[in-house]
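S.K.: Show me the folded form of this:
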Amino acid sequence: MAIIPNRGRGGGDHRGRGRGRGNFGGPNPDETQWGFGRGTGRGQGDRGGRGGHHGGVHVIGRISDDEKRQIREAARPTTIQVSSEGTDDIIVASPTNEVVRHFAHIVLTKPEFTEFQSLGQFRRFVNSCLLNLSNHHSVDTSDLLSALASPQGLERLKDILIMPMNIDAANIYGTLSFQFVILPLVGVLTRESICQLAMDSATNAIYATVYSHRQNFIKGGIIPNMKRLLERGSLKDQSAAATLIQRGDEYLCVVPSLSCAYLAIVRLIYQIVIRIRDARIDLVRVVRTLVIQVHTCAKNFNKTERDRRVNAIMVQEVKRLQRIVSDAEDAVVPLLDVTAADPGAGSDGAHSKTQLRHSFDPPGKRSANGPSHDNDHVEISEINILPTQQEITCSRPPFLPSNGVPDSPHFLAHGWKRQVDTHFRLYREDMMDPFRRSMTSFLAVLRHTPFGEEDRLLNNKELRKIIAGHVSLNVYGNVHVLGMSTEKNNAGIIGIGFSQPPEILRIANKGRRTKFWERSKNRLMHGSLVCLVGRDQGALGSGQDASAPNIQLIVGVITRRDTQSLAKDDKVAQISITLADPLQYFLLLSSGKHWLIVESPGTDFGSYRPILKALQHTIPASLPFGKYLAPTAEEQAKLKNVKNYVDPPLYARAPTFQFDLSVLLNGRKGRLDVNNTISIEKTVGALQKYSTLDDSQSKALVETLCREVALIHAPPGTGKTLIGLSLVEVLRANKARSECGPVLYICSTDDALDRFLEQCLDKGVLDIVRVGSGSKSKLLEQYILEARLDGFIRPFLVEQDLREATSDLNSDAKKIESLERTLKGDCMQWNHVQTLLEQEYPDIYKQFVKVSNDAHQSSDDKTKDEHATRSFRRWRSGQCIQEKTAHSEEAKNMLKSNATDLKSGPPDCQKTPSTNKSVDLLLGGDIWNMSVNERQRLVDQWRPKVQENLMAQLGEVTKHVETLNDKKNGAMDEIRRRIICQCSVVGLTTAGAAESQELIRKLAPKIIIYEEAGQVLESHIISTLAPSTQHLILIGDHKQLRPRIETYGLSSDSPIGKKYNLDMSLFERLATSATNPFPMSVLTTQTRMRPCIADLIRPPLYPNLEYGENTLSYPPVCGMGDSLYFMNHDHPEDAKEMNGIQSYSNSSEVSMAKVLTEYLIKNGYDQPGDIAILTPYLGQLSKLREALKSKYVLVINGSEQEQLDQAELEGDENQESGGTAIGVNTNSTQKQLTLSTVDNWQGEEAKIVIISL
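M.R.: Predicted coordinates for the structure are as follows:
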């Protein structure tokens, strides 16, 4: 269909009267097209218009004249930074006029524009898109992106994708110029505004359209044409018209070189394969061909430094592409060697190669015995994060790959895929093991519990006496379904009611019940994993196995914990959960089983899920730094015994790039060239002389800037926060030069992050943002990300997606409400049985439909459906039989006269049936001659399949709701991403980073700094990495506490856990590698501890630790003869379990600590932060709290406070709960003390520390 010419209207951009055919300029005959504006002159186009601008064009997002100018004339970079994911600096649009800028809007939004009418229009459209979507201006042009992803926009994109193309086709009719249209289109498809957009629905639609036309556009177009240009050695179009077009087209985009063209094509293919799984197989040959061409290009065209720079990145990225498709091939055609061992490790160690191979049983179909259960898969992307019933009750151990063990077998070869697989399985097992053990122990007890006597399992103390395995459980009885909730646009949330725990059954006062649930931080917390256990009278209790068919396990996650709902009734509490499978909701409604809720406290699924989900969605081959963090066998062999083998960051390898360090040099100038040894030495000397950093800090900072993966070992008191802050200052000062965006800075705790960001403010670093809600700092309130959302102007595309998603969610909520009401009730209607009858009982279906059609022969389908609905209702209820009885005389007369009046009911209702036929006979009989009982039996026959269909519909709607919620969350994340991109520093805690995985993925950080990296699990760091990450900085101390995990059997200290090493951080793994230790900077000067205290740790752990000058001048401790004391005693420990805590305590040490504290306070140590009392044990912490709470204001870590409160509740269930808050005296006239376990104290300080061991 051709464009409808707008005859009699000029081609101008300004409103006015006039006739004529518009011309956008250009000497070539293919430039003539129909204009869409109104001009004053004939054929003058935009040169002769006047009046209101934009003519009759519908403009989606209106922008000002100044913004239009910004788009047209945005400053292009003078130095190309090609290390980003996009091509904005590689394929650059030419500055042009307003008509060309606006042309893309016309093409994509004007309904009458149904096809391109000239080759010039193709060129103009592509250049217009390049201009509008470029990152060289800050104008919101997301309306154009939205239009491109719309049905009309995708049709116009398709028009280009299906066209023939040629490298010498500048003016060949019906053929697009490869250089002037196709390559610029590749630039459009790889704009950062498209490939980095947080809203996947729009970008996925665009890339899916490109992929669907891959045969013509990629396989038969781009690849062979690039081959011909490569053979020619130039991008030049040799056709006669090419020169004329280049002279006359001010809007023409010219790609600068073959290398730039290949780099853009590689990035386009990359964007397709990371989004479309099938493309990783389908485009294998394309990638292989591309690899050959790219290497040929890099070899033959490398004369200038810029060429070599582009070539290096091009080769690196095509290798990444090659790894992605190779991994996909391996998944389809499994590797033959399923026990690939570590070639770089020795054969000694606790777990020999022979032992590991003997016990090696790969997962899923790779196992000789087949999958062990329905959730046992080879690909981690296919594993449900929530466990299934088969998995919970499976007797075979799960496949757990060894980690960091010499010669350990694995079904995957060495590299990122194996590393991601290993940490996904081990981290998931850390969640699963306590839950599985708890459920196994509970089912063993339940097996011997008579039906109806389950209430004795609800009491924690009683249950603890009879359950095996030292597991901790909370069990709740009398479970019943309240319904499916659609609150706040969240579907699939099930309301559950259950009996109040025994601890508060005696409490009649609602306020005290509320207090109990507020303080019960170990019960039914948001994000906790729970299992609904259902059994009937014949299940268990009779010696049956726990996995028997009449026992049902349904796993769910608590999604809403409302204290008022938990406490409002003295007998029944309420929570809301989300099921792993929404279809299981029907089991809760229909099974007739007696249900219990079983909870394993501490299994915080909410903290595991985002990391596991991120690992599942990771494309391993796309991750950076593989040769250091997850080397292949070949890479291991190359780097073996090589020193200082870490490359500079990718952005720092750009030609002429140098770090400006003047921000640290007190006004002096200083530049660092990371590729120049002399520059490195001079910079270290300048920092040591003029900055506030000490010698080791200066050296560490420079080394870190020179390494794309950098480790800084920071023993206690050596200034890990200071070095982190100094790095941020330097990176911020070089942000424009490196084009690396904001630095992602991750701390272990909220307090540490608050301190770091406050120090940033003190240094004048004001463009910061804090992600997460755990801040206690008033200084940072205005820098909290969520607080800045309301004031941010939302882009057009964001507003559109939010509006559409909200509307569709409301519609789906109504559907769910209707379906759920039908499932719970007995209100089967015609629309519920219509499809079933039509497909499986067509004779019955025809009888219902015949009545409707006979009664409304001339009516539309809607009217007939309404009548069928009424007929079915009358049939099911027997109303037609009642009508027959009431009008028997009239019925007889109608039968005698052989007249049928359908308006008074079907003719077959004239009898009074009272038969009682079998269902088989009824299914083939006359529905109108059935008795009421027969009709009910027939409905009962249909009900299971109808309910199955309804549940399928419910499942589809809830999945659609998930999609809509993803769309809504993506829109909000796009706002967050844009806010963050305006800043230089974004701060998160480790937990906050886990919760913000989607946002981090869309942010695609290029520089990531981890503080206390020795306490961060490797899985967390892997999940934070993005393909775009170019600089990873780890600051920590692997000789202090390891990361915290839940399962001791996976830890390095466990005899069996030594082969898993889950709690070994990435920092420790790299720093302690036996074959090739990673280069690491070390901070050696500590400024915190007195020498006598530092000497406790220096010989065994830090032999090179030096004393800062300030530590030699500390005043003596008042009232004490020395600064360090060890006090020995022979008082025995208390009973291990007191106040519900299975932990160690010693009342005598508590008394000694109390007396010593009182003495020190009398000697003047009475300010906040002066005294801290530490202990390794939670039981001892509880005793200390009880002894000190009446006299002092106690500062206790939030998580420890919750554990102590919960233990008190469980340990004193015979007393009423309530009263003042436990453990913290808020009397402002009393002195403040800090209580903590040793684990939670790392990184903190106090003038005096008392340790109760």
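S.K.: Report how many residues lie close to the closest residue to residue 988 other than its chain neighbours.
M.R.: Closest residue to residue 988 apart from its sequence neighbours, by CB to CB, 6 or more residues apart in numbering: residue 771 at 4.7 Å. Heads up, the C-betas are built off the backbone N, CA and C, glycines and all. Using other CB atoms under 10 Å, the number of residues around residue 771 comes to 24.
S.K.: For residue 771, grab phi and psi.
M.R.: The phi and psi values for residue 771, taken as degrees, to the nearest 10, are phi -100, psi 130.
S.K.: cool, and the one 4 residues further on?
M.R.: Phi and psi for residue 775, reported as degrees, to the nearest 10, are phi -70, psi 140.
S.K.: Please report how far the nearest residue to it once chain neighbours are set aside lies from residue 993.
M.R.: Take residue 775 and drop its neighbours on the chain: the residue closest to it by CB to CB, 6+ apart is residue 754, 5.5 Å away. The span separating residue 754 from residue 993 equals 16 Å under the rule CB to CB, to the nearest Å.
S.K.: out of these two, which sits in the more crowded spot?
M.R.: Neighbour totals were compared for residue 754 and residue 993, and residue 993 leads with 25 against 20 (other CB under 10 Å).
S.K.: Packing partners of whatever helix or strand that one lives in?
M.R.: Taking DSSP states H and E as the definition, residue 993 sits inside helix 990-995. For helix 990-995, the contact count by 3 or more CB pairs under 8 Å, 6 or more residues apart in numbering; DSSP states H and E identifies helix 605-617, strand 743-747, helix 1018-1024 as packing neighbours.
S.K.: Looking at those, spot the one closest to residue 1108.
M.R.: With CB to CB as the measure, strand 743-747 is the member of these nearest residue 1108 (23.1 Å).
S.K.: and the closest one, what other elements does it pack with?
M.R.: The contact analysis (3+ CB pairs under 8 Å, 6+ apart) places strand 743-747 against helix 720-733, helix 750-762, strand 985-989, helix 990-995, strand 1007-1011.
S.K.: Could I get the contacting residues of the residue nearest the centre of the chain?
M.R.: The central residue of the chain, meaning the one whose C-alpha is nearest the mean C-alpha position (CA atoms, centre = their mean), is residue 998 at 3.2 Å. Each residue near residue 998 by CB atoms under 8 Å, 6 or more residues apart in numbering is listed here: 610, 969, 973.
S.K.: what's the answer for residue 1064, then?
M.R.: Neighbouring residues of residue 1064 by CB under 8 Å, 6+ apart: 403-404, 1018, 1042, 1052.
S.K.: Tabulate those in JSON lines, adding columns for pLDDT.
M.R.: JSON lines is the format used below for the contacts of residue 1064 (pLDDT from 0 to 100):
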{"residue": "403", "pLDDT": "93"}
{"residue": "404", "pLDDT": "86"}
{"residue": "1018", "pLDDT": "97"}
{"residue": "1042", "pLDDT": "93"}
{"residue": "1052", "pLDDT": "94"}
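S.K.: Going by distance to residue 68, which of these wins?
M.R.: Taking CB to CB as the measure, residue 68 lies nearest residue 1018 of the contacts of residue 1064, at 49.5 Å.
S.K.: Mind telling me what element the nearest residue to residue 495 once chain neighbours are set aside is part of?
M.R.: Excluding the flanking residues, the one nearest residue 495 by CB to CB, 6+ apart is residue 482, at 3.4 Å. In the assignment (DSSP H and E), residue 482 maps to strand 480-485.
S.K.: Quick check: buried residues in that strand?
M.R.: 483-485 (16 or more other CB atoms under 10 Å).
S.K.: Could you report the pLDDT at residue 948?
M.R.: Residue 948 carries a pLDDT score of 83 in this model.
S.K.: Also the one 5 residues further on?
M.R.: According to the per-residue confidence, residue 953 scores 86 in pLDDT.
S.K.: Next, count neighbours for it.
M.R.: By the other CB under 10 Å criterion, the neighbourhood of residue 953 contains 17 residues.
S.K.: what's around the residue nearest to residue 757 when sequence neighbours are not counted, how many residues?
M.R.: With CB to CB, 6+ apart as the criterion, residue 757 has its nearest non-adjacent residue at 5.1 Å, and that residue is residue 987. Under the neighbour criterion other CB under 10 Å, residue 987 is assigned a count of 30.
S.K.: And for residue 575?
M.R.: Around residue 575 sit 25 other residues, with neighbours defined as other CB under 10 Å.
S.K.: Run through the residues that contact the residue nearest to residue 174 when sequence neighbours are not counted.
M.R.: Using CB to CB, 6+ apart and skipping residues adjacent in sequence, the residue nearest residue 174 is residue 164, 6.6 Å away. Listed by CB under 8 Å, 6+ apart, the contact partners of residue 164 are 174-176.
S.K.: got it, and residue 812?
M.R.: With contact set as CB under 8 Å, 6+ apart, residue 812 has these partners: 491, 957, 960-961, 964.
S.K.: Minimum pLDDT in those residues, which residue is that?
M.R.: Summarising pLDDT for the contacts of residue 812: the lowest-scoring member is residue 491, with 65.
S.K.: hang on, the earlier thing: pretty sure the residue nearest to residue 988 sits against residue 999.
M.R.: Yes: under the contact definition of CB atoms under 8 Å, residue 771 touches residue 999, with a separation of 7.3 Å.
S.K.: how near is residue 1025 to residue 630?
M.R.: Residue 1025 sits at a distance of 11 Å from residue 630 (criterion: CB to CB).
S.K.: Was I right to think residue 305 contacts residue 655?
M.R.: Yes: counting by CB under 8 Å, residue 305 touches residue 655, with 4.5 Å between them.
S.K.: which neighbours do those two share?
M.R.: When contacts are counted by CB under 8 Å, 6+ apart, residue 305 and residue 655 are jointly contacted by no residue.
S.K.: Now do stretch 148-166, average pLDDT.
M.R.: Mean pLDDT, stretch 148-166: 96.
S.K.: neighbours of residue 378, just the number please.
M.R.: Applying the criterion other CB under 10 Å, we find 21 residues in the vicinity of residue 378.
S.K.: Give me the nearest residue to it, chain neighbours excluded.
M.R.: Ranked by CB to CB, 6+ apart and with sequence neighbours excluded, the top spatial neighbour of residue 378 is residue 364, at 4.2 Å.
S.K.: Just give me the neighbour total for residue 791.
M.R.: As a measure of burial, residue 791 has 7 neighbours, counting by other CB under 10 Å.
S.K.: whoops, I mixed them up, residue 1134
M.R.: Applying other CB under 10 Å, I find that residue 1134 has 18 neighbouring residues.
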